[in-house]
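Visitor: sequence unknown, structure follows:
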């Protein structure tokens, strides 16, 4: 990112005591914190430039920006994106001093502009450019709560860094070129702040007395008769109306409590402006992901939290919302209900195959694979088998049938469970001989002649399940850091007979290996898909994206399941926890996963031109991913890989090569840019 000269941030960071001369002195005298303004008491943001009140700086999407993240210089944001791709960056804000009231450091107003190209094309705010506030979960920055655009306001707290997650979604048909815009951040004073500051002591006391009387009336209602409770509520309501109708609040009442947003010129002059540009290139990510990533959504969690009866209109609506929302992450969702012994009912579409919604689901071009329900797993009856046969007769006649699979059992542990898989698969294949059955596993059967926890028993599983399983989905936990064991697994498979090797992560592997647990580095979560691509598996499964602890209230506290690492099985949160919105709230980890899926498309493009070996070489020489314990911790390597693919593509001749220096992620050094231009990478 190039520095923005008009926004000096005075970014000196104090020395750590006892390190580098910090000593025990009260302060330091290097002049780095001098300001042109002298503050006495609370600052007035309508008269003071916001750069004097705020630290504002930008960081990569892979950074975990905690509340104690220290300020850095403000630089412009320059990104590179293909069409049908999402690129994100973070804007960090930290108050230098307080100008607010009621325990907050102050309020900031954030305004976004459209991103425009020289030819007049636009990436429109609210459609292509969105903002979300990063909210800590268990102290870790993770939940991405949506903010209104183009204008929004947030509160800052003393001594805390707040991160804003800015995403740009490039539409399929967006003309290539460079687009520029800005995000302005302005410290503002709300009407409530100025009103409270103008109160005299007697006015404050009167307001305090009225509100306390109201509280005293309403509080002691436990075990009171209903009639008395109603009377107390009426009394409290009357008191509150009296307070709000008083002259004290007359101005707020007339303006509906609007903030003093200042006029346009004042905002422009006082704001911190973050310049943002994105180079859109001619490559378009395929609408259907090249590699199917199937993620589970617990239907029982949805039913409990939102109070929905199974099969009701509200139930169908909730499942439909979750399905369509997850598609934006290049994920092929399936709903699941767990039974005894890890048997699982997995289905992508809640409607039967003869319902009009069925084709809408299965024909969706963003869906790479779909799970077909095996009804007899819940109801062992003739009617269930008839329903299965009808379902298969309809689906196997459709053009989307090659995307279908059955997921019957999760991680079988003994020969009895293996036999049940074979039996269910036989029922399915009697009606559809070309049906695909997926089985996840991390060991061999415990009661076989080989010890279950040996690698030999694990590798032997295909021989026990053939021909009743076509997708052998193995845990990365088994491999650990031994990616050389992949050849032993794949050597046992028969691709010529339609057998595939997929992988999954869950409880393991643990740090420092790639996974999606809370608190892992952004590149560590993104590396999940780098590993998939390098090892050559043709699909990926994640057991659950909403499997938090049970609650019967939509806005109830999010608690991770006991016995699992924090974040395991939870990649999004209910919107009701953070606002009145019913739309799910993504985690930063889910965004990192999306970036990894997009990286796969970049690597596939590069490999299609130069061969897979060159693609593997690119991962290695840019330092992005060398192995399960050797992947980049720095976003710079990712920028290097993407820039090399950009430079190597013959289809970008219409875009000037001079744009390359501006098409990287933040903090791209000039020496690195020159290396790209000279083709040394």
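Guide: Cool, got the structure. Note that the coordinates shown come from a computational prediction; the quantities given were computed from them, not determined experimentally.
Visitor: Now residue 84, what are its backbone angles?
Guide: According to degrees, to the nearest 10, the main-chain angles of residue 84 amount to phi 60, psi 30.
Visitor: correction: residue 77
Guide: According to degrees, to the nearest 10, residue 77 has phi -100, psi 130.
Visitor: cool, residue 534 as well?
Guide: The phi/psi pair for residue 534 (degrees, to the nearest 10) is phi -70, psi -40.
Visitor: Which helix or strand contains residue 594?
Guide: Per DSSP states H and E, residue 594 falls inside helix 588-610.
Visitor: how far away is residue 90 from residue 364?
Guide: In this view, residue 90 and residue 364 are 31 Å apart by Cβ to Cβ, to the nearest Å. Backbone N, C-alpha and C define where each C-beta goes, glycine included.
Visitor: picking up where we left off before, against which helices or strands is the helix holding residue 594 packed?
Guide: strand 77-83, strand 86-95, strand 140-146, strand 162-169, helix 522-535, helix 612-621, helix 635-648 (3 or more Cβ pairs under 8 Å, 6 or more residues apart in numbering; DSSP states H and E).
Visitor: Now mean neighbour count too, for these, in TSV please.
Guide: Output for these, formatted as TSV (neighbours: other Cβ atoms under 10 Å):
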stretch	mean neighbour count
strand 77-83	23
strand 86-95	22
strand 140-146	22
strand 162-169	22
helix 522-535	24
helix 612-621	16
helix 635-648	21
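Visitor: In CSV: these, plus mean pLDDT and distance to residue 324.
Guide: Shown next, in CSV, are the helices and strands packed on helix 588-610 (pLDDT from 0 to 100; distance: least, Cβ to Cβ, whole Å):
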stretch, mean pLDDT, distance to residue 324
strand 77-83, 96, 21
strand 86-95, 98, 16
strand 140-146, 98, 16
strand 162-169, 98, 15
helix 522-535, 98, 22
helix 612-621, 97, 32
helix 635-648, 93, 28
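Visitor: average pLDDT across the helix holding residue 594?
Guide: When pLDDT is averaged over helix 588-610, the result is 97.
Visitor: Report the buried residues of it.
Guide: Burial within helix 588-610, assessed by neighbour count using 16 or more other Cβ atoms under 10 Å, is assigned to 588-607.
Visitor: before we move on, what about stretch 340-352?
Guide: Those would be 343, 344, 345, 346, 347, 348, 349, 350, 351, for stretch 340-352 by 16+ other Cβ under 10 Å.
Visitor: Tell me which of these fall in strands.
Guide: 344, 345, 346, 347 (DSSP state E).
Visitor: Of those residues, which is the nearest to residue 436?
Guide: When those are ranked by distance to residue 436 (Cβ to Cβ), residue 346 comes first, at 12.7 Å.
Visitor: now the closest one: how far from residue 401?
Guide: Separation of residue 346 from residue 401 (Cβ to Cβ) stands at 17 Å.
Visitor: same question, residue 357
Guide: Counting by Cβ to Cβ, the gap from residue 357 to residue 401 is 17 Å.
Visitor: These two: which is more packed in?
Guide: Higher neighbour count among residue 357 and residue 401: residue 401, with 18 against 13, using other Cβ atoms under 10 Å.
Visitor: State the pLDDT value of the more buried one.
Guide: 98.
Visitor: Next, the contact list for it, please.
Guide: Neighbouring residues of residue 401 by Cβ atoms under 8 Å, 6 or more residues apart in numbering: residue 395.
Visitor: Same check on residue 591?
Guide: Applying Cβ under 8 Å, 6+ apart to residue 591 gives the contacts 61, 86, 88, 144, 165, 167.
Visitor: quick one, phi psi at the nearest residue to residue 426 once chain neighbours are set aside?
Guide: Nearest residue to residue 426, sequence neighbours excluded (Cβ to Cβ, 6 or more residues apart in numbering): residue 468, at 6.7 Å. The phi/psi pair for residue 468 (degrees, to the nearest 10) reads phi -90, psi 0.
Visitor: residues near residue 468, how many?
Guide: The number of residues near residue 468, taken as other Cβ under 10 Å, comes to 19.
Visitor: right, and it touches residue 422 too?
Guide: Yes: counting by Cβ atoms under 8 Å, residue 468 does reach residue 422; the two are 4.4 Å apart.
Visitor: mind checking how far residue 366 is from residue 454?
Guide: Distance from residue 366 to residue 454, by Cβ to Cβ: 41 Å.
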